[in-house]
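Student: Based on what follows, work out the 3D shape:
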Amino acid sequence: MPKHLWSYIWKVSGRDQIWLSVLTVVVFLLTLVPLELQRRVIQPTQKIVGARGISGVKYAMDCRGYYGGPARRPLLPLQETEKKDIESLLAAFAPAVAAT
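Tutor: This is a model prediction of the structure:
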């Protein structure tokens, strides 16, 4: 038996410690991928939700093939220029979604 506790731990579980360290680094790197996607998503999301509110969200859902439907009163429907803005934001955003 080794003289020191640390040398005993290394002798018994040295390979396991190395694999655990490698696994920790891999898991950390995998957690960075969603953060990068969130960084790319935040600007179009703020423009759609912040500037156009519920009507913008519903129209964006309609553009993506989901049922957003019309906004209820007292909210007003979007103007054609606002719809074009949302369509251009979604078109620019599409590569970020497809990359994941």
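Student: Can you pull up the most central residue in this protein?
Tutor: Among the residues of the chain, the smallest C-alpha distance to the mean C-alpha position (Cα atoms, centre = their mean) belongs to Gln38, namely 3.6 Å.
Student: Where does it fall, secondary structure wise?
Tutor: In this assignment (DSSP states H and E), Gln38 forms part of helix 5-45.
Student: Equivalent analysis for Asp85, please.
Tutor: Secondary structure here is read from DSSP H and E; on that basis Asp85 sits in helix 80-98.
Student: Any idea how far that helix is from the middle of the chain?
Tutor: Averaging C-alpha coordinates over helix 80-98 and over its chain gives two centres that are 17 Å apart (Cα atoms, centre = their mean, to the nearest Å).
Student: Can you give me the buried ones in it?
Tutor: By neighbour count, with 16 or more other Cβ atoms under 10 Å as the criterion, the buried positions of helix 80-98 are 82-83, 85-86, 89-90, 93. To be clear about C-beta, it is placed using only N, CA and C from the backbone, and glycine gets the same treatment.
Student: need these in CSV with distance to Ala51 and pLDDT, can you?
Tutor: Output for these, formatted as CSV (distance: Cβ to Cβ, whole Å; pLDDT from 0 to 100):
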residue, distance to Ala51, pLDDT
Glu82, 8, 92
Lys83, 13, 93
Asp85, 8, 92
Ile86, 9, 91
Leu89, 10, 88
Leu90, 14, 87
Phe93, 15, 71
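Student: Would you mind pulling the contact partners of stretch 63-79?
Tutor: Contacts made with stretch 63-79 from outside it, assessed by Cβ atoms under 8 Å, 6 or more residues apart in numbering, are listed as 52-62, 86-87, 90.
Student: Mind checking which of these land in helices?
Tutor: The members of the contacts of stretch 63-79 that map onto helices under DSSP state H are 52-62, 86-87, 90.
Student: Using neighbour counts, trim those residues to the buried set.
Tutor: The neighbour-count test (16+ other Cβ under 10 Å) marks 52, 55-60, 86, 90 as buried among the ones in helices among the contacts of stretch 63-79.
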